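J.: Return a 3D structure for these sequence lines:
(one chain, ligands or ions: 1)
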Amino acid sequence: MPLYRDQGVVLRTHKLGEADRIITVLTRTLGKVRTVGKGVRRTKSRFGARLEPGMLIDLQCYEGRTLDTVTQAETVEPWGDVIARDYDAWTAANAVLETCDRLTEEREPALQQYLLVTGALRSLAGKEHDPRLVLDAYLLRALAIAGWAPSFHDCARCGAQGPHRAFHIVSGGAVCPVCRPPGSAAPAPETLRLLAALLAGDWAIADASDPRHRREGSGLTSAFLQWHLERGVRSLRMVER
Ligand SMILES: [Zn+2]
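T.: Predicted coordinates for the structure are as follows:
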């Protein structure tokens, strides 16, 4: 059986039989892999605690026909452990990990998504910004990588130069007065500026933003995400918004 080694983020785990666990990992080079951690739910397990969501690990596996088997796992960054001590960071991380799982395919290299998810977890563990801002920045950029970049300035339909007042999820973002479909939202201009800053990674603007605009921006970001993903992201409901 072929053996491989890669670095990866544990996206989720679920129980398998009495003592095993299936561990879904987004690896740096191979993309998403599903592996079996044998005996990891036993207290004596050598690497059980390393195979928890949000941990960055160095992983060695045997390739199987349907599932691979973990033979070695070393912690590279214990982000999952650190984040689990802070409720707001933890709920944000769960939504990040679930979204990442939904936006990646098994055995399809996804380096950009990998860099994005590791960046978000590093930021949450380091308490660099409000966890909700980190989450929204992650969601907007993950959608952009998936090919669904929202527009917060120019008209998403005709490209007319913004800023525009109206915002329409289905159209892809800001819309000009001519294109504006009925039922468009009219968020505060500051909210659209905040979302544009989060998408661009402009943290000076994002950190200085008003809680009101953060809340409104989170609502638009969630709606945008739910529109593009068939089933909703369940963990988002746990994030206080
Ligand atoms: Zn237009």
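J.: residue ranges of the strands in this structure, please?
T.: 3-16, 20-27, 31-37, 56-62, 68-77, 166-168, 173-175 (DSSP state E).
J.: nearest to residue 222, of those?
T.: strand 166-168 (13.5 Å; C-beta to C-beta). For glycine as for every other residue, the C-beta is placed from the backbone atoms N, C-alpha and C.
J.: Count the residues that sit near the spatially closest residue to residue 229 that is not a sequence neighbour.
T.: Take residue 229 and drop its neighbours on the chain: the residue closest to it by C-beta to C-beta, 6 or more residues apart in numbering is residue 102, 5.6 Å away. Counted with other C-beta atoms under 10 Å, the neighbours of residue 102 add up to 17.
J.: How is the chain partitioned into domains?
T.: 3-80, 129-237 (the TED database).
J.: out of these, which comes closest to residue 92?
T.: Using C-beta to C-beta, the domains of the chain put domain 129-237 closest to residue 92, at 4.0 Å.
J.: most neighbours per residue, which of the strands of the chain?
T.: Among the strands of the chain, ranked by average contacts under mean count of other C-beta atoms under 10 Å, first place goes to strand 173-175 (a mean of 26).
J.: Let me know the average pLDDT across that strand.
T.: Strand 173-175 carries an average pLDDT of 96.
J.: which residues sit against stretch 176-189?
T.: For stretch 176-189, the surrounding residues in contact (C-beta atoms under 8 Å, 6 or more residues apart in numbering) are 155-158, 160, 162-171, 175, 212-213, 216-217, 220.
J.: thought the residue nearest to residue 229 was touching residue 232?
T.: No: counting by C-beta atoms under 8 Å, residue 102 does not reach residue 232; the two are 9.9 Å apart.
J.: Which one of the domains of the chain lies nearest to the ion?
T.: Among those, the nearest to the ion by C-beta to the ion is domain 129-237 (3.2 Å).
J.: Contacts (any at all) between the ion and that closest one?
T.: Yes: contact of domain 129-237 with the ion (C-beta under 5 Å from the ion) involves 155, 157-158, 160, 176, 179.
J.: Look at that domain and report the distance between its end residues.
T.: 21 Å (C-alpha to C-alpha, to the nearest Å).
J.: what sits against residue 72?
T.: 5, 47, 58-60.
J.: Could you do residue 142 as well?
T.: Counting by C-beta under 8 Å, 6+ apart, residue 142 touches 99-100, 103, 113, 116-117.
J.: what do you get for residue 205?
T.: Residue 205 neighbours (C-beta under 8 Å, 6+ apart): 193-194, 197.
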